[in-house]
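Peer 1: the sequence and its predicted three-dimensional model are supplied below.
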Amino acid sequence: MMGQDTHPPEEGESGAPERVSGDEPLLAARVHRPSDLMRLLAGLLAIALVIAIAAFAHATTSGLEEDINKGAVGAPDVFVKIAGLVSSIAVLLVPVAFAIERLIKRDGLRIADGVLAAVLAHGVTLAVDLWVAQAAPGTIQDALTQPQSGGGLTDPVHNYLAPVIAYMTAVGMARRPRWRVSLWAVLLLDAFTMLVAGYTTALSIILTVLIGWTVAYGTLYAVGSPNVRPTGQTLLAGLRRVGFRPVTALRAEGVPDASDIGDRGRRYIVTLEEGAPLDVTVVDREQQAHGFFYRMWRRITLRTITTRRSIVSLRQALEQEALLAYAAIAAGANAPKLIATSELGPDAVMLVYEHIGGRSLDSLDDKEITDELVRGAWRQVRALQSRRIAHRRLAGDAILVDRSGRVFLTDLRGGEIAAGDLILRMDIAQLLTTLGLRVGAERAVAAAVEILGPDSVADCLPLLQPIALSRSTRATLRRLARERSQREREAVLAASEAAKHERELAKAEAAADRTADTTVVRSETKAEKKAERKAEKKALDTALDEARDEDLLAQIRQQVLLIRPQAPVEPVRLERIKPRTLISMIAGAVAAYFLLSQIASTPLSTVSEADWRWVAAAVLFSAVSYLAAAMSLLGFVPERVGFWRTVVAQVAGSFVKIVAPAAVGGVALNTRFLQRSGVRPGLAVASVGASQLFGLGAHILLLLLFGYLTGTEKTQSFSPSRTVIAGLLTVAVIVLVVTAIPFMRKFVSTRLRSLFAGVVPRMLDVLQRPMKLLTGISGMLLLTGAFVFCLDASIRAFGHGNYTVSYASVAVVFLAGNALGSAAPTPGGVGAVEGALIAGLLAVGLPIEVATPAVLLYRLLTLWLPVLPGWICFNWLTKRGAL
């Protein structure tokens with residue numbers, strides 16, 4: 001519903017005031033525009049490019065300055081002085097004149113934005129001037145300054161010109177052609193006179209303009225731009241201009257949030273003095289920008305054939321929706337009839353449709369969705385596809401059912417004319433999923449086959465994948481998957497507890513009936529244990545089968561294959577590149593650049609002079625780490641799993657780490673290994689989770705312990721260093737912030753709850769077996785010790801006794817670097833681990849010529865050399881069904 005508009009009502013020709021009734025939410029006074037953010041990022045990139053040119057293209061900048069100086073020799077001195085005087089006065093008068101004009105029109109909010117941007121730009125220019133004068137490389141200083149006749153240098157950035165540019169940009173002068181021409185004429189004249197007079201350089205002028213422009217858009221995005229979206233009164237006035245006589249306009253109810261629907265616009269139900277009501281959709285630039293970054297990401301990662309243009313003008317959007325509305329009706333589909341369109345000022349448009357009184361599919365109860373209604377939806381899709389029209393968004397809120405039960409397709413703005421086969425099949429896959437979520441896979445597929453035919457339905461199976469569905473549908477499928485996993489986990493845990501309770505009762509009854517024959521008792525005990533394991537496994541299998549429910553897409557595939565067994569099911573590759581791959585490529589490129597620069601700075605003589613005894617010791621410690629990893633895993637697995645085969649699996653993990661991030665590959669491999677070793681899937685996940693959770697706790701405790709020892713080892717007291725205290729306080733502040741902010745607290749608690757739901761019962765099982773727990777703890781400590789000693793041996797191999805670091809310091813460096821490596825998106829933490837370890841060793845006093853080769857040797861032994869043995873072990877385990 002719409003609320004009372006705050007603007008005064010306008011009177012129609014009849015003299016009756018037009019009004020906006022209902023409960024429309026008041027529009028926000030300011031909005032954060034994605035376009036401002038894009039301009040801010042573009043400005044920062046351009047500033048970085050200018051500084052890079054100044055730093056690395058010294059010959060080019062010097063040649064440009066010489067050419068400007070030669071050309072300025074012939075300029076009349078009087079003309080230069082007069083032009084400089086006029087431009088200096090005009091560059092201040094133009095902003096003042098524009099401010100007066102805006103204040104007369106009661107637009108003081110824009111003036112305030114401009115003043116704030118000017119102040120910030122002045123501060124940025126002072127900071128840049130200080131940096132260039134005191135800390136910048138000489139090449140940058142030469143490119144941005146000129147020597148003055150009286151000594152000293154000119155300003156790298158003009159501290160009066162940048163604020164003027166920021167001010168004029170923030171107040172919106174670019175939208176007023178005459179003021180824009182005046183501003184740029186004055187700026188160009190001022191820049192010309194300063195260049196000719198030798199007061200600045202070309203790069204300095206460019207940098208000044210970019211700083212002012214960037215600060216302006218950064219200010220607008222931070223504080224928000226004044227909201228110019230059309231109000232309800234603007235809508236009523238626009239309807240009068242196209243010949244309607246509106247009485248009231250009510251905001252339509254049940255419209256999804258704009259973050260989900262993108263550029264679908266605000267909807268109103270307008271009543272007229274005479275005739276049926278109207279459905280009016282208002283689209284403005286701000287709503288059109290919703291989801292811009294998401295659409296850009298989809299355009300980058302998906303193949304072009306499956307994506308639409310990310311940026312279209314308002315007029316293009318208006319024309320596209322009008323064309324699709326007319327084409328859909330011409331094809332015989334039920335769609336709202338478009339009867340008028342109009343602009344509502346420079347930043348908004350409206351589309352006027354005949355009113356259809358009905359409800360969306362999402363708002364209907366399940367019992368109201370009959371088979372005839374489902375077939376009606378498929379008939380509309382058949383009509384569209386007969387003319388090769390694609391809807392592109394057949395979600396539940398785009399399907400409207402009127403009072404008579406007729407189905408209408410709305411929200412055609414994102415559709416396509418003359419669509420290709422792939423896009424048409426994506427529509428079928430989307431509607432199958434949309435209807436399947438409401439009526440089930442069987443009814444959705446049966447209706448589709450009845451209306452479209454089995455071949456058309458079977459052809460969409462390769463497109464039946466989450467990436468081809470709408471954003472809201474994917475979110476629903478993810479929610480259902482989480483609920484399904486939770487049900488399975490709870491069923492397995494309940495069955496495990498019930499089996500344990502029955503086993504305890506059976507043991508109590510058997511203990512009362514046993515005789516004194518020890519041999520018989522021992523044999524009966526072994527048989528009982530074997531029978532108990534079988535019974536428990538059977539109970540868990542039964543509980544899991546009862547709780548298991550296939551996901552909707554799998555159910556739809558099964559229903560289609562029952563009709564067309566030969567239908568293709570291999571998914572079509574729609575992604576151009578996966579997000580994880582893209583992030584890994586970028587991080588890998590940065591890591592490669594870092595490593596190559598470090599290797600290039602390391603002389604070959606350093607490698608040849610290494611102490612090979614310590615190198616051999618480092619190799620030994622690296623090998624011991626695999627035994628320790630096997631112990632740390634098996635300590636949290638109550639079931640019997642072979643030790644040496646587990647060691648082989650840990651070696652295979654060295655290969656997996658190269659093709660997946662360090663925190664992901666090892667977990668997946670260990671879980672799969674335990675499952676193939678006879679451990680139930682839920683219990684395997686819980687065991688690996690318990691191992692990871694205990695390892696995290698041990699990692700944090702060891703980091704705090706060795707950090708404390710590092711801070712006290714050079715003093716006689718045991719008081720911790722200020723760095724340790726600062727680190728602990730930082731952690732405490734982060735914890736307080738997380739617990740104080742509601743959405744962050746909910747995010748953390750939800751994930752911890754889901755983690756503990758499966759891990760804590762597994763930990764309780766382990767606690768009942770002291771030897772298992774001791775094995776796990778010993779493995780954790782031995783694993784950390786092996787890596788610390790390996791890094792220490794690598795340092796000693798290149799330090800030759802001249803450079804040594806305490807074990808506590810090496811442990812702190814390793815633990816911090818390992819934590820960063822686990823969080824890094826690159827395979828094996830490449831780049832992040834090396835950088836963290838080298839920085840840590842430099843911080844504890846090692847020179848760069850020792851720290852760099854030591855870290856490279858450590859990573860060679862723990863990451864790169866085990867790849868080939870890991871690949872062999874991986875294949876060996878795979879052939880034997882252990883993975």
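Peer 2: Thanks, I have it.
Peer 1: can we go C-alpha only for contacts and neighbour counts from here?
Peer 2: OK.
Peer 1: quick one: mean pLDDT over the helix or strand harbouring Leu92.
Peer 2: Leu92 belongs to helix 77-104 when assigned by DSSP states H and E. For helix 77-104, mean pLDDT rounds to 69.
Peer 1: pLDDT (mean, whole number) over the helix or strand just after that helix?
Peer 2: Next helix or strand after helix 77-104 toward the C-terminus (DSSP H and E): helix 108-134. Per-residue pLDDT over helix 108-134 has a mean of 84.
Peer 1: which parts of helix 108-134 are buried?
Peer 2: Burial within helix 108-134, assessed by neighbour count using 16 or more other CA atoms under 10 Å, is assigned to 108, 110-111, 113-122, 124-126, 128-129, 132-133.
Peer 1: do stretch 429-437 as well
Peer 2: Ala429, Gln430, Leu431, Leu432, Thr433, Thr434, Leu435, Gly436, Leu437.
Peer 1: what number of residues lie near Leu464?
Peer 2: For Leu464, the tally of surrounding residues (other CA atoms under 10 Å) stands at 25.
Peer 1: distance check, the closest residue to it other than its chain neighbours against His391.
Peer 2: Once flanking residues are discounted, Leu464 sits nearest to Ala429: 5.4 Å by CA to CA, 6 or more residues apart in numbering. Distance, Ala429 to His391, using CA to CA, to the nearest Å: 12 Å.
Peer 1: likewise for Leu153?
Peer 2: 64 Å.
Peer 1: what's the answer for Gly695, then?
Peer 2: 51 Å.
Peer 1: with Val667 instead?
Peer 2: On the measure of CA to CA, Val667 and His391 end up 42 Å apart.
Peer 1: more crowded one of those two?
Peer 2: His391 (27 against 17).
Peer 1: what ranges do the strands span in the chain?
Peer 2: 30-31, 225-226, 246-251, 266-272, 278-284, 338-343, 348-354, 358-360, 389-390, 399-402, 407-409, 416-417 (DSSP state E).
Peer 1: most tightly packed of the ones you listed?
Peer 2: Among the strands of the chain, ranked by average contacts under mean count of other CA atoms under 10 Å, first place goes to strand 389-390 (a mean of 26).
Peer 1: that strand - what's its average pLDDT?
Peer 2: Per-residue scores along strand 389-390 average to 94.
Peer 1: give the partner strands of that strand in its sheet and their orientations.
Peer 2: strand 416-417 (antiparallel) (DSSP bridges).
Peer 1: correct me, but Val667 touches Ser687?
Peer 2: No: applying CA atoms under 8 Å as the test, Val667 and Ser687 come out as separate, 10.4 Å apart.
Peer 1: among the buried residues of stretch 429-437, which one lies nearest to Ser404?
Peer 2: Leu435 (19.8 Å; CA to CA).
Peer 1: neighbours of the closest residue to the closest one other than its chain neighbours, just the number please.
Peer 2: Nearest residue to Leu435 in three dimensions, chain neighbours excluded: Ala444, at 5.7 Å (CA to CA, 6+ apart). Using other CA under 10 Å, Ala444 is surrounded by 24 other residues.
Peer 1: what's near enough to touch Ala444?
Peer 2: The contact partners of Ala444, by CA atoms under 8 Å, 6 or more residues apart in numbering, come to Val374, Leu432, Leu435, Gly436.
Peer 1: kindly report the same for Ser625.
Peer 2: Leu782, Leu783, Ala786, Phe787.
Peer 1: pick the one among these closest to Ala481.
Peer 2: Once CA to CA is applied, the member of these that ends up nearest Ala481 is Leu783, at 35.7 Å.
Peer 1: so the closest one makes contact with Ala623?
Peer 2: No: under the criterion of CA under 8 Å, Leu783 makes no contact with Ala623, lying 10.4 Å away.
Peer 1: more neighbours, these two?
Peer 2: A count of neighbours by other CA under 10 Å puts Leu783 above the other of Leu783 and Ala623, at 22 against 18.
Peer 1: list phi and psi for Thr201.
Peer 2: When read as degrees, to the nearest 10, the backbone of Thr201 gives phi -120, psi 160.
Peer 1: gap between it and Asp142?
Peer 2: 9 Å.
Peer 1: look at the two and report which has more neighbours.
Peer 2: When Thr201 and Asp142 are compared for neighbours, Thr201 comes out ahead with 28 against 19, by other CA under 10 Å.
Peer 1: and Gly172, what is it in contact with?
Peer 2: Gly172 touches Arg110, counting by CA under 8 Å, 6+ apart.
Peer 1: try 10 Å
Peer 2: By CA atoms under 10 Å, 6 or more residues apart in numbering, Gly172 lies in contact with Arg110, Ile111, Asp113, Gly114, Trp179, Arg180, Ser225.
Peer 1: need the contact list for Arg392.
Peer 2: Per CA under 10 Å, 6+ apart, neighbours of Arg392: 306-308, 411-416, 423-424, 426-428, 430-431, 468-470.
Peer 1: the residue nearest to Pro681 when sequence neighbours are not counted: neighbour count?
Peer 2: Nearest non-adjacent residue to Pro681, counting by CA to CA, 6+ apart: Gln675, 5.6 Å away. Using other CA under 10 Å, Gln675 is surrounded by 18 other residues.
Peer 1: so where is the stretch 751-883 of the chain shaky, pLDDT-wise?
Peer 2: For the stretch 751-883 of the chain, the stretches with pLDDT under 70 are 751-767, 800-801, 803, 821-827.
Peer 1: swap that for the stretch 101-250 of the chain, sorry
Peer 2: Looking at the stretch 101-250 of the chain by pLDDT under 70, you get 102, 105-108, 149-151, 173-177, 195-198, 226-228.
Peer 1: burial measure for Ala508, as a count.
Peer 2: 11.
Peer 1: contacts only, for it.
Peer 2: With the criterion set at CA under 10 Å, 6+ apart, Ala508 makes contact with Glu502.
Peer 1: could I get the pLDDT score of it?
Peer 2: 72.
Peer 1: now the one 10 residues further on
Peer 2: We have a pLDDT of 47 for Thr518.
Peer 1: again, but for Ala383
Peer 2: 95.
Peer 1: and it, how far from Arg406?
Peer 2: 14 Å.
Peer 1: show me which of those two is the more surrounded one.
Peer 2: The neighbour count for Ala383 versus Arg406, taken as other CA under 10 Å, is higher for Ala383 (18 against 14).
Peer 1: the more buried one and Asn334 touch, don't they?
Peer 2: Yes: Ala383 is in contact with Asn334 according to CA atoms under 10 Å; the separation is 8.9 Å.
Peer 1: list residues touching both of those two?
Peer 2: Joint contacts of Ala383 and Asn334 (CA under 10 Å, 6+ apart) are Ala328.
Peer 1: all helices in the stretch 701-850 of the chain, in order from the N-terminus.
Peer 2: Secondary structure of the stretch 701-850 of the chain (DSSP state H, counting those that start in this stretch): helices at 722-740, 742-767, 770-799, 807-823, 832-843, 848-859.
Peer 1: and the third one, what's buried?
Peer 2: Going by neighbour count (16+ other CA under 10 Å), the buried part of helix 770-799 is 772-777, 779-799.
Peer 1: quick one: end-to-end distance for stretch 409-418.
Peer 2: 18 Å.
Peer 1: for it, give the mean pLDDT please.
Peer 2: Mean predicted confidence for stretch 409-418 is 87.
Peer 1: phi and psi next, for the residue lying closest to Leu235 once chain neighbours are set aside.
Peer 2: Once flanking residues are discounted, Leu235 sits nearest to Leu344: 7.2 Å by CA to CA, 6+ apart. Here is the backbone geometry of Leu344 (degrees, to the nearest 10): phi -110, psi 70.
Peer 1: and Leu344, what does it touch?
Peer 2: With CA under 10 Å, 6+ apart, Leu344 has these contacts: Arg229, Pro230, Thr231, Thr234, Leu235, Ala237, Gly238, Leu239, Val282, Val283, Asp284, Met350.
Peer 1: if we go to 8 Å?
Peer 2: Counting by CA under 8 Å, 6+ apart, Leu344 has contacts Pro230, Thr234, Leu235, Gly238, Met350.
Peer 1: report pLDDT for it.
Peer 2: So Leu344 comes in at 84 (pLDDT).
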